[in-house]
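Colleague: Fold the following and give me the result.
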Amino acid sequence: MPKRLLILGSTGSIGTQALDIVLADRRRGGSEFELVGLSAERSWETLLEQARVHDVRRIALVDEHAAARAAEVWTDGEILRGAEGLVQLVVESGAELVLNALVGSAGLGPTVAALGEGIDLALANKESLVVGGELVGALAEATGARIVPVDSEHTALHQLLEGQPVGSVDRLTITASGGPFRGYTRAQLDSVSVAQALAHPTWAMGGKITIDSATMMNKGLELMEAHHLFGTPYERIDVVVHPQSLIHGLVQLADGAMLAHLGPHDMRLAISYALHGAASVPLGIEPLDLVQVGALTFEAVDPDTFPCLRLAREAAQAGGTAPCVLNAANEVAVHAFLGERLAFSDIPAVIERALERLGSAPVRAFESLYEADRKARVIAAEAVAALA
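Modeller: Model (predicted):
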């Protein structure tokens, strides 16, 4: 029987590549997946085309205006609207697997909905774990739902840790490309443009995650994600710059030996691994030629030039609502930078101001997180206006 699959954020980079994998499976005569729903934030024309190609009858659009436009021309099924529509799509889909490829904290609600229904989750929305933290993990444990990461670094660690005996792992290392500003000084970052920040040297990603890569905030978010996925204390998770982006994660064992996961910088590897239940299947991707690669190099992260990683680690160790505040303020700051209302070098200042104002409060329910998110966005917006 085909696995009933729901893809949230299907018009983004991860979502479209996931659909390509499903389509390739179908063209080979396979029937591993049955698509039961698709969603997008506002790209309604692309979403409708995907629904037609894959014969999907139920879709969701977060943006109300986009949903209204889609409803004017699409009569082949049902269109759900808003954040509530996303959750309704998850709960009523009958899916066995949800790929959450939504961007930002908007992905938390659907993650909670999927896990609450006991649905396995292929998680590309790292903010669900950053913001939801222990509550998301506890919900998965309570319902028996499985979380498999859709991320090159966490896929690597997931594969390396599989089958390792308890107590055999000493440290985890996440690699970073260094982004487009590797080697820059802090002063040089004062005048960088949006176009420069979006020019990632190795990965093709959406705007928000590309800016997070440029500030190194993405490594801070991945640090938190690794902690929640693998139960590893923060002091035993390292970040190292690896410009070639070919080693995606490393595991240091108790005896001092180190395991490394090498592979092309192609997100289809991580997406397919999660869709296929943490299994590797043929994808037709050219493997690495180590002779052609020649050399692999590593560098320490520059904490003065890229303070976002430090802020993320501090928020992670503070716990409570601090990671939620950090994430919300970062989203506001990145959006302002992309809109040319904030200098690139002021992004960490906005985040630090929100953290100083709100600190960390205990998290007893998801409502605590939504309130912290709201307050952080207000403070971050005020900071952006003050720095403009």
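
Colleague: how many neighbours does Glu134 have?
Modeller: 12 (other CB atoms under 10 Å). C-beta here means a position set from N, CA and C on the backbone, and glycine is covered the same way.

Colleague: make that Leu108, sorry
Modeller: Neighbour tally, Leu108, other CB under 10 Å: 27.

Colleague: What of Ser345?
Modeller: So Ser345, with other CB under 10 Å, has 18 neighbours.

Colleague: For the residue lying closest to Glu162 once chain neighbours are set aside, list the residues it contacts.
Modeller: Leaving aside its chain neighbours, Glu162 sits nearest to Ala278 (7.4 Å; criterion: CB to CB, 6 or more residues apart in numbering). Taking CB atoms under 8 Å, 6 or more residues apart in numbering as the criterion, Ala278 is in contact with Val148, His158, Gln159, Glu162.

Colleague: Quick check: buried residues in the lengthiest helix in the chain?
Modeller: Criterion DSSP state H: the longest helix present in the chain is helix 366-387. Of the residues in helix 366-387, 366, 368-369, 372-373, 375-377, 379-381, 383-384, 387 count as buried by neighbour count, 16 or more other CB atoms under 10 Å.

Colleague: what's next to it, contact-wise?
Modeller: Against helix 366-387 from outside (CB under 8 Å, 6+ apart): 105, 108, 112, 131-132, 135, 321, 324-329, 331-333, 336, 341-343, 346, 349-351, 353-354, 357-358, 361-363.

Colleague: just the helices in the stretch 51-200 of the chain please.
Modeller: Ranges of helices in the stretch 51-200 of the chain, per DSSP state H, counting those that start in this stretch, are 64-73, 82-92, 108-116, 127-143, 152-161, 194-197.

Colleague: Which one of the ones you listed lies nearest to Glu34?
Modeller: Nearest to Glu34, of all the helices of the stretch 51-200 of the chain, is helix 82-92, at 15.3 Å by CB to CB.

Colleague: Can you identify each of the strands in the stretch 101-250 of the chain by residue range?
Modeller: Per DSSP state E, counting those that start in this stretch, the stretch 101-250 of the chain carries strands over the ranges 120-123, 147-149, 169-176, 237-241, 247-253.

Colleague: Please work out which of those is packed deepest.
Modeller: Among those, strand 120-123 has the highest mean neighbour count (mean count of other CB atoms under 10 Å), at a mean of 26.

Colleague: and the contacts of helix 366-387, which are buried?
Modeller: By the neighbour-count criterion of 16+ other CB under 10 Å, the contacts of helix 366-387 include these buried positions: 105, 108, 112, 131-132, 135, 321, 324-329, 331-333, 336, 342-343, 346, 349-351, 353-354, 357-358, 363.

Colleague: just to revisit the earlier point, closest one to Ile14 among the helices of the stretch 51-200 of the chain?
Modeller: Of all the helices of the stretch 51-200 of the chain, helix 152-161 sits nearest to Ile14, with 11.2 Å by CB to CB.

Colleague: Now do the same for the strand or helix carrying Arg313: mean pLDDT, whole number.
Modeller: If you go by DSSP states H and E, Arg313 is part of helix 307-318. For helix 307-318, mean pLDDT is 97.

Colleague: now the helix or strand just after it against helix 127-143, angle please.
Modeller: Following helix 307-318 in sequence order, the next helix or strand is helix 322-338 (DSSP H and E). Counting by axes from the mean of the first three to the mean of the last three CA atoms, to 10 degrees, helix 322-338 points 150 degrees away from the direction of helix 127-143.

Colleague: Summarise which helices and strands the next helix or strand after helix 322-338 is packed against.
Modeller: Using DSSP H and E, the helix or strand that follows helix 322-338 in sequence is helix 347-358. Counting contacts by 3 or more CB pairs under 8 Å, 6 or more residues apart in numbering; DSSP states H and E, helix 347-358 packs against helix 207-215, helix 307-318, helix 322-338, helix 366-387.

Colleague: Could you rerun that using 6 Å?
Modeller: helix 307-318, helix 322-338, helix 366-387 (3 or more CB pairs under 6 Å, 6 or more residues apart in numbering; DSSP states H and E).

Colleague: so which of the strands of the stretch 101-250 of the chain comes closest to Val56?
Modeller: By CB to CB (comparing all of those), the closest turns out to be strand 120-123, at 17.3 Å.

Colleague: Just give me how far the closest one sits from the chain centre.
Modeller: 12 Å (CA atoms, centre = their mean, to the nearest Å).

Colleague: same deal with stretch 351-364?
Modeller: With CA atoms, centre = their mean, you get 22 Å for stretch 351-364.

Colleague: any residues touching it, and which ones?
Modeller: 311, 318, 320-322, 325-326, 329-330, 375-376, 379-380, 383 (CB atoms under 6 Å, 6 or more residues apart in numbering).

Colleague: Pick the one among these closest to His54.
Modeller: Closest to His54, out of all of these and judged by CB to CB, is Asn330, at 33.5 Å.

Colleague: so who does that closest one touch?
Modeller: By CB under 6 Å, 6+ apart, the residues touching Asn330 are Met217, Ile351.

Colleague: And it, how close does it get to Ala380?
Modeller: 8 Å (CB to CB, to the nearest Å).

Colleague: for Asp151, same thing?
Modeller: 25 Å.
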